[in-house]
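> my questions concern the predicted model and sequence given below.
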Amino acid sequence: MRKSTLMSVATAVAALAAVTVSIAPASAQQDWRRGGFEERHGAHNFGEFCVHRVVTTGFAHSNFFGSGRDAVRKAEARAIRSWENQVSAKFGPQFASFARAQGKANQCNHRGSEFECTISAHPCRDRGPGHGGPGPRR
């Protein structure tokens, strides 16, 4: 190969690498973006083992996960993971199980090029033996 051809190829590769690097952070940011955290104080009927309602949001970009169920599932999973992380930080890990939460609500919407799922629930800690909880380990 000629020197000028090698230089052209090297320049093209460098330009492609620069474009890829500049696009990757924006794509990754949209791909991993999570929504906010909101506490809704007020009375509830779930007993002393539960605290006030917590609301979080998760997003999934349709360019990465498609425009159907996969994107909705990803947005829901992100909202739940965000809920568990935020609840753990605020109330402690004993409250951070979304499976144990009460009064769950979920709403997903398609907004532009992404799906947004908002979940809310009352975090509840384990009620212990005799109350449907696993009790102490043996």
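Here it is on my side, so go on.

> all the strands of the chain, residue numbers only.
With DSSP state E as the criterion, the chain has strands at 34-40, 53-61, 102-111, 114-122.

> can you list those in CSV and add distance to residue 72, mean pLDDT and mean neighbour count?
For the C-beta atoms, the positions are set from N, CA and C on the backbone; glycine is no exception. Shown next, in CSV, are the strands of the chain (distance: least, CB to CB, whole Å; pLDDT from 0 to 100; neighbours: other CB atoms under 10 Å):
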stretch, distance to residue 72, mean pLDDT, mean neighbour count
strand 34-40, 15, 70, 14
strand 53-61, 7, 91, 22
strand 102-111, 5, 92, 13
strand 114-122, 5, 93, 22
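
> how about CSV for those, with distance to residue 73 added?
Shown next, in CSV, are these (distance: least, CB to CB, whole Å):
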stretch, distance to residue 73
strand 34-40, 16
strand 53-61, 8
strand 102-111, 10
strand 114-122, 9
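
> so which of the ones you listed gets nearest residue 70?
Nearest to residue 70 among those is strand 53-61 (8.1 Å), distances taken as CB to CB.

> which residues touch the closest one?
Residues from elsewhere that reach strand 53-61 (CB atoms under 8 Å, 6 or more residues apart in numbering): 30-31, 33-40, 42, 44, 71-72, 74-83, 86-87, 90, 103, 113-123.

> which residues touch stretch 40-48?
50, 52-55, 102-103, 120, 122, 124.

> how about those residues in CSV, adding distance to residue 109?
Putting those into CSV (distance: CB to CB, whole Å) gives the following:
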residue, distance to residue 109
50, 27
52, 24
53, 20
54, 20
55, 14
102, 24
103, 21
120, 15
122, 23
124, 27
